[in-house]
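K.L.:
what follows is a predicted protein model with its sequence.
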Amino acid sequence: MMNRQVSRLALAALLLMIALIVATTYWQTWAQAGLADRQDNEIQRVAKFTIKRGLIYAGDGKTVLAANRAKRVGNQTLYFRRYPQGKLAPHVVGYSTQSRSQAGIERSLDDYLTGSNANLNTVLTTTLDRLKGATVKGNNVYLTIDPQAQRLANEALAGKCGAAVALDTSTGKVLVLASSPTYNENLVERSFRLIRRITAPCKPPAPLLDRATQGLYQPGSTFKVVTASAALDTGRYKPDSTFFDPGYCTEYGRKISNAGNPETGPEVFGHVNFTTALEHSINAVFCNIGKAIGAGTILDYAKRFGFYSRPPLETPLNERAASGLYRRGKLFDPSNPATQVDPGRLAFGQERLLVTPLQMAMVAASVANGGVVMRPYVVEKIVSHGGTTVQRTHPDRLGRAIKPQTARELTTMMEAVVTGGTGTAAQIPGVKVAGKTGTAETGVANVYTAWFISFAPADHPKVAVAVVVENGGFGGKSAAPIAKTLMQAILHRS
Amino acid sequence: MRPRNRELLFLIVVGVLTGVGFASVYIARSHVVSTASLTYAGFFLLLYVAAHVVTRLTVPNADPYLLPIAGLLTAIGLTEIYRLNPDDAFRQGLWIVIAVALFAAVAFVLRHDYRRLESYKYLFGLTAIGLLVLPALPGLGTTVNGARLWVHFGPLQFQPGELAKIALIVFLAAYLREKREMLAQFRLKDIGPLLVIWGGAMLVLVETNDLGSALLYFGIFLAMLYVATGRGAYVMTGAVLFLVGSYGAYRSISHVRDRVTIWLHPWTVHKVYCPISGKPALRQDCQSYQLVKSLYSIGNGHFGGTGLGRGTFETTSGHPLIPYLNTDFIYSAIAQELGLIGAAALLLVYMLFVARGFRIALLADDGFSKLAAAGLTFGFALQTFIIVGGILRLIPLTGITLPFVSYGGSSVVANFVLLAGLLLISNRASPTR
């Protein structure tokens, strides 16, 4: 009696339970990864903060640039970032906030800093920590930034808009990477309003922008170093090749005048040699050289120095820009430079050229390094929480830009710029300095971008520097002293 | 081994498991909870030994598995509640004491012959209706999360629906036992009672705004009608009627429509109108927030779970992540901390309870006992399915409790009464008697 129905009902009830087991299995296995990847998955976000991120140290191995602030939430200890050095190098270090917005090394090396990189040693320790229920600790990152020099750069750039980059010439190590206006990383989280309120003599102030690696500026006469490299390296010219400068250069039937002061008009130098032309930054001479060797050759040499590719720094890819010709906001690599590019203007760094300070520092460093371009790097080493080195950066050649002979000749020519030319403000007593000034037209009347690229000591190079000051007037006046300060500080220590 | 000795043995196993559970919560959260937490396990064991003594005295031949299973489920619930909120666990402990007292009372009063309840069937029917109507009374009922399921008596909160369910089952068992031959002919005029109950379920739906309760009562009714008559046609007709009614509710009641939308499309890519804030928002940040966060919690459990006390239920700023975690969503908390292994084990324990319940129905030798046992067991299974299935997005989500596990006084009390009923039936049906 009724037992047949009871059995069937029992079967139905058990099937309902089985459906629940199947559905649970679905969510915890097949759908699990998809759920974990969801943007609004707060649990995954919280999980990120249970990891004690690795510290970020400056190049002296002592100055802590990024540390942790522990906070008890419920039954867990969560770790949030704090930046003890405030605005020392925010554009390199970046930030990592509670809302998980990240920038700089904090973003690009997030895997190492959270101990989730695939390195065997790291995987082993983090897995063990997880099993033990201990706090997972990330790897510590040691940067190459020289904290004292970086501080000097910030002080020198204070109140201006611009950037300064210093590279170790033989290794490519980044010693200074300063961008002004700078900001305090701690404020990104605490009060972003204050960052938005930062003012500077440029519009927009954009303090978050890393002007050293993302800032695109007309290189002006600093580009003459690249043109001179091409002129010498191709064997077409010697440092003592002679030219006649009438004060202008004729291109497409029109006169392009030399730079000069507005009252006396463009300067006229008459008979000069190549060294003097660089020393006094004579546009007309470079214009004629450009016409003679062609835009294609100049661009080829620019590429050898690293133009047209984003400098391979460890910071996030979108925080670095490639230098080169730009058209409608995009990098423009002409397929037929002879017809598409004005060689004369290109030769003295106008045309549509836009470069980053980092790229120009690389040009100076390569000349100093006998023509070999070194890969710039800002991460010295990554060390596990236990003290084992997980990864160490070894200096790496990107390639040869110019012959050693060309580099030597160019060095001598650039020395002349500092000893008796436009860059005398960069002279350091007892040290030979090689440099090149730049005063680039911005397209706005009387607004110039001031440049100085240099390296020292010229006879035995150690450090190369690029400084750019927006609306800075004459490069030899506003940028060169900053370069001098940085070189002096770095040489003094080594 | 005699049934009661077997029961004691299993209770000791459950007691040990409870101790382990509380100990692991203690280890994981030693900075929040004290060693006093371990006294919970001891207290719990004592309580169940008391319940065991009651069964020895009243239902010596009853099924030996049901009480330990109920004990295990309550222990899992209490451990998880304790881990989430120690204060709630204290209150839940008190409710369990009350529930065990009521369990003892029911067992004592009905130990000789529970079948005399049959003669009070209409009283039970009226009680069920009365209890169901309570939340609708102004001044008494409260709306929680859009559904009117609660009653307030001063500081006491009560969900009368839980007890109404049992009263309804007793009424239906008695009524159907009497009318089953007649109903089995499936004549047109016999559809009458079906329509009446259907109408009742729809009223419940409209009154409470809660699809889950309506489904539960109507599902129990159809199952018992089927057991009584053996007519699949009733089930078909009933199911069609219910679907029609639900569709009507879907069209006319915005709360029900909301629930269905959340169920079908919890995530949106673009912002949609959010009825809570009145502004456009992603649905996962608005109406389906709770469901979605609970799914993340379940997903985070993966195979092995985070471990008791190690799950994440708070945001980085310390705010609770899932509202009603203790009651409606306790399953997603357990699934996160115990993982697939633990959650599947929990569901298997439910299956075991259901299997033992139906075994009692099969062994019972009179119609009333059979119908009552089948009804109580199926109601238990269906309630589990409705809440867990809602959490797992098998069906639209409704806020009812997970039997024995969820935090909530009415639920615990009702389920212990249900347990007493099953044990009484089992004692009578036992082949050893």
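P.N.:
Yes, it's here. Residues are numbered from 1 along each chain as shown, chains lettered A, B, ... in the order given.
K.L.:
now tell me what touches stretch A:149-156 from outside.
P.N.:
With CB atoms under 8 Å, 6 or more residues apart in numbering or on different chains as the test, stretch A:149-156 has contacts from A:58, A:87-89, A:164, A:166, A:175-178, A:180, A:182, A:481-482, A:485-486, A:489-490. Placement of C-beta: from N, CA and C, glycine included.
K.L.:
got the residues of the stretch 151-300 of chain B near chain A?
P.N.:
Within reach of chain A by CB under 8 Å from any CB of the partner chain, the stretch 151-300 of chain B has these residues: B:223, B:226-228, B:230, B:267, B:282, B:284-285, B:292-293, B:295-300.
K.L.:
for PyMOL, what selects the buried ones among those residues?
P.N.:
Buried subset of those, written as a PyMOL selection, criterion 16 or more other CB atoms under 10 Å in any protein chain shown:
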select buried, chain B and resi 223+226+227+228+230+282+284+285+292+293+295+296+297+298+299+300
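K.L.:
among the contacts of stretch A:149-156, which lie within helices?
P.N.:
Judged by DSSP state H, the subset of these located in helices is A:481-482, A:485-486, A:489-490.
K.L.:
out of those residues, which are buried?
P.N.:
A:482, A:485-486, A:489-490.
K.L.:
got the residues you listed as CSV, with distance to A:L358 columns?
P.N.:
Listed next are those as CSV, based on distance: CB to CB, whole Å:
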residue, distance to A:L358
A:I482, 16
A:T485, 19
A:L486, 14
A:A489, 19
A:I490, 17
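K.L.:
turn those into JSON lines, columns for pLDDT.
P.N.:
Formatted as JSON lines, those follow (pLDDT from 0 to 100):
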{"residue": "A:I482", "pLDDT": "95"}
{"residue": "A:T485", "pLDDT": "95"}
{"residue": "A:L486", "pLDDT": "96"}
{"residue": "A:A489", "pLDDT": "94"}
{"residue": "A:I490", "pLDDT": "95"}
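K.L.:
just send those back as JSON lines, with distance to chain B too.
P.N.:
JSON lines is the format used below for these (distance: CB to the nearest CB, whole Å):
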{"residue": "A:I482", "distance to chain B": "42"}
{"residue": "A:T485", "distance to chain B": "43"}
{"residue": "A:L486", "distance to chain B": "40"}
{"residue": "A:A489", "distance to chain B": "41"}
{"residue": "A:I490", "distance to chain B": "41"}
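K.L.:
what's the closest of those residues to B:R251?
P.N.:
Closest approach to B:R251 among these (CB to CB): A:I482, at 73.9 Å.
K.L.:
now B:C274: how far from B:D210?
P.N.:
22 Å (CB to CB, to the nearest Å).
K.L.:
neighbour-wise, which of the two wins?
P.N.:
Neighbour comparison, B:C274 and B:D210: the larger count goes to B:D210, with 26 against 16 (by other CB atoms under 10 Å in any protein chain shown).
K.L.:
show me what contacts the residue nearest to B:V133 when sequence neighbours are not counted?
P.N.:
Once flanking residues are discounted, B:V133 sits nearest to B:E207: 7.6 Å by CB to CB, 6 or more residues apart in numbering or on different chains. With contact set as CB under 8 Å, 6+ apart, B:E207 has these partners: B:132-133, B:135-136, B:148.
K.L.:
and the helices in the stretch 101-250 of chain A, which stretches?
P.N.:
A:104-108, A:110-113, A:120-132, A:147-157, A:186-190, A:192-196, A:224-233 (DSSP state H, counting those that start in this stretch).
K.L.:
and if you look at the stretch 251-400 of chain A?
P.N.:
Going by DSSP H, counting those that start in this stretch, the stretch 251-400 of chain A shows helices at A:274-279, A:283-293, A:295-304, A:337-340, A:343-347, A:357-368.
K.L.:
out of those helices, flag the one nearest chain B.
P.N.:
Nearest to chain B, of all the helices of the stretch 251-400 of chain A, is helix A:357-368, at 35.3 Å by CB to the nearest CB.
K.L.:
and that closest one, what does it pack against?
P.N.:
Helix A:357-368 is packed against strand A:162-168, helix A:224-233, strand A:372-374, helix A:404-420, strand A:434-441, strand A:448-456, strand A:463-469, with contacts defined by 3 or more CB pairs under 8 Å, 6 or more residues apart in numbering or on different chains; DSSP states H and E.
K.L.:
single out the most deeply packed of those.
P.N.:
Stretch with highest mean neighbour count among those: strand A:463-469 (a mean of 32; mean count of other CB atoms under 10 Å in any protein chain shown).
K.L.:
in which helix or strand does B:V20 reside?
P.N.:
Per DSSP states H and E: B:V20 is located in helix B:3-28.
K.L.:
in that helix, what's buried?
P.N.:
By 16+ other CB under 10 Å, the buried positions in helix B:3-28 come out as B:3-4, B:7-8, B:10-11, B:14-15, B:17-19, B:21-26, B:28.
K.L.:
same check on stretch A:347-359?
P.N.:
Neighbour-count burial for stretch A:347-359 flags A:347-351, A:353-359 (criterion: 16+ other CB under 10 Å).
K.L.:
which two from these end up farthest apart in space?
P.N.:
A:A347 and A:L358 (22.5 Å).
K.L.:
what about the closest residue to A:Q214 other than its chain neighbours, distance to A:H460?
P.N.:
Nearest residue to A:Q214 in three dimensions, chain neighbours excluded: A:A321, at 4.9 Å (CB to CB, 6+ apart). A:A321 sits at a distance of 32 Å from A:H460 (criterion: CB to CB).
K.L.:
from B:S213, how far off is B:E162?
P.N.:
10 Å.
K.L.:
ok, these two, which is more surrounded?
P.N.:
Neighbour totals were compared for B:E162 and B:S213, and B:S213 leads with 29 against 25 (other CB under 10 Å).
K.L.:
would that one count as being in a strand?
P.N.:
No. In this structure, B:S213 is helix, not part of a strand, as judged by DSSP: H, G, I helix; E, B strand; the rest coil.
K.L.:
least trustworthy helix or strand in the chain by mean pLDDT?
P.N.:
I went with chain A, as the question did not name one. Lowest by mean pLDDT, DSSP states H and E among the helices and strands of chain A is strand A:260-261, with a mean of 58.
K.L.:
switch to chain B, please.
P.N.:
In chain B, no helix or strand scores lower on mean pLDDT, DSSP H and E than strand B:147-153, which sits at a mean of 65.
K.L.:
show me where the stretch 151-300 of chain B has helices.
P.N.:
B:161-183, B:191-208, B:211-229, B:232-252, B:254-264, B:289-301.
K.L.:
with the stretch 301-433 of chain B instead?
P.N.:
Under DSSP H, counting those that start in this stretch, the stretch 301-433 of chain B gives helices at B:330-363, B:367-391, B:409-429.
K.L.:
got those helices as CSV, with mean neighbour count, mean pLDDT and distance to chain A columns?
P.N.:
Putting the helices of the stretch 301-433 of chain B into CSV (neighbours: other CB atoms under 10 Å in any protein chain shown; pLDDT from 0 to 100; distance: least, CB to the nearest CB, whole Å) gives the following:
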stretch, mean neighbour count, mean pLDDT, distance to chain A
helix B:330-363, 22, 95, 4
helix B:367-391, 26, 95, 4
helix B:409-429, 25, 93, 12
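K.L.:
so A:G133 touches B:A28, yeah?
P.N.:
Yes. Using CB atoms under 8 Å, A:G133 makes contact with B:A28 at a distance of 7.5 Å.
K.L.:
which residues are common contacts for the two?
P.N.:
Shared contacts of A:G133 and B:A28, defined by CB under 8 Å, 6+ apart, are found at B:307, B:310.
K.L.:
about what we covered before: look at the residue nearest to A:Q214 and report its pLDDT.
P.N.:
Note for A:A321: predicted pLDDT of 95.
K.L.:
what sits against it?
P.N.:
Residues in contact with A:A321 (CB under 8 Å, 6+ apart) are A:213-216, A:310, A:356.
K.L.:
can we see that at 6 Å?
P.N.:
A:214, A:216, A:356 (CB atoms under 6 Å, 6 or more residues apart in numbering or on different chains).
K.L.:
got it, and B:S294?
P.N.:
B:322, B:329, B:332, B:391.
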